[in-house]
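> prediction below, plus the sequence it came from.
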Amino acid sequence: MTGRIEQICAVLSRAHVFADIGCDHGYCTRYMLENALCDRAYISDISALSLEKAKTLLHREVAAGTCIPVVADGLDGIPEPCDLVLIAGMGGEEIIKILSRKPLPKRYVLQPMKNSDKVRRYLLQRGARIERDFTFSEGISNKKFYDLIAGCACGGDTYTEREILYGRDNLRGQSEAFLEKLTEERQKLAERLTNKLGAESRKRLSQKLMELEEITREIVGTL
Ligand SMILES: C[S@@+](CC[C@H](N)C(=O)[O-])C[C@H]1O[C@@H](n2cnc3c(N)ncnc32)[C@H](O)[C@@H]1O
């Protein structure tokens, strides 16, 4: 299991019925079943070839009937309500498309590869509550950053515009990885600003850099 998968698993909670949408290898479902965190798990992927990997990994559980493989787009092939749905390793827009076609799952764990801000905005519009919303990293020399958003369909949440853009736990100083990501982004912006740029681009990049500097100061001030 990679560090990314371990981070996702650490956020998964006990469920009666669990669904791993876009499961590919199926590692997260194996974690759920091996740790008796669910009674029944659906492994679903739009690609039959990808699903084969999870079926191989979980062949004993599939034979026992505790793991049910489905080739389908999103949640379309899941025949019953799931109280925990994981959608990880896909773009945010794809995640939104998948969630849009069904009632929101009772609990969700999402790990968008991009457009996390769109996912947050969408969840709040649908009346979801976001309980965990942080950036984590994987790797040492070639560090990669990922966002994780988890919560429930129980409503009553409001976000500031900045929280939508950057993630609430991140702005509350709860993610070391986010501070590292900010440092990396500030360095990249500062480097780009040493190049020859048009007035508009220079203004836009300078404003972004100032915003990131301000966010960094605010977070460091809370630590
Ligand atoms: C990069 S893999 C991520 C696998 C795993 N969830 C993870 O986080 O490591 C993305 C998987 O999502 C599947 N996928 C993409 N769009 C999908 C959709 N609309 N419904 C179901 N699966 C989808 C792909 O076939 C692929 O296996």
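Nice, I can see it. Numbering: from 1, shown residues only.

> CA atoms for contacts and neighbours, from now on please.
OK.

> spell out which parts of the protein neighbour the ligand.
With C-alpha under 6 Å from any ligand atom as the criterion, the chain comes near the ligand at residues 21-24, 45-47, 50, 72-74, 88-90.

> quick one: buried ones out of these?
21, 22, 23, 24, 45, 46, 50, 72, 73, 74, 88, 89 (16 or more other C-alpha atoms under 10 Å).

> so where's this structure uncertain?
Within the chain, the stretches with pLDDT under 70 are 1.

> now the helices for it?
3-11, 27-34, 48-57, 59-64, 92-100, 116-125, 161-166, 168-171, 176-192, 199-222 (DSSP state H).

> what's the local residue count around the closest residue to residue 121 other than its chain neighbours?
The shortest distance from residue 121 to any non-neighbouring residue, by C-alpha to C-alpha, 6 or more residues apart in numbering, is to residue 164 (6.4 Å). By other C-alpha atoms under 10 Å, the residues close to residue 164 number 19.

> now the two most distant members of the buried ones among the residues of the chain next to the ligand.
72 and 89 (16.4 Å; C-alpha to C-alpha).

> residue 140 versus the most centrally placed residue in the chain, what's the distance?
Nearest residue to the geometric centre of the chain (C-alpha atoms, centre = their mean): residue 111, 1.5 Å. Distance, residue 111 to residue 140, by C-alpha to C-alpha, to the nearest Å: 20 Å.

> next: residue 20.
Taking C-alpha to C-alpha, one finds residue 20 at 28 Å from residue 140.

> who's more crowded, those two?
residue 20 (25 against 7).

> residues in a beta bridge with the more buried one, which ones?
Beta bridges link residue 20 to residue 43, residue 86 when assigned by DSSP bridges.

> residues in contact with residue 156?
Residues counted as contacts of residue 156 (C-alpha atoms under 8 Å, 6 or more residues apart in numbering) are 127, 128, 129.

> save those as JSON lines, and put in neighbour count too.
As requested, the contacts of residue 156 are exported to JSON lines (neighbours: other C-alpha atoms under 10 Å):
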{"residue": "127", "neighbour count": "16"}
{"residue": "128", "neighbour count": "25"}
{"residue": "129", "neighbour count": "21"}
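
> and of these, the nearest to the ligand?
Checking the contacts of residue 156 against the ligand with C-alpha to the nearest ligand atom, the nearest one is residue 128 at 20.8 Å.

> quick check: phi and psi at the closest one.
phi -80, psi 160 (degrees, to the nearest 10).
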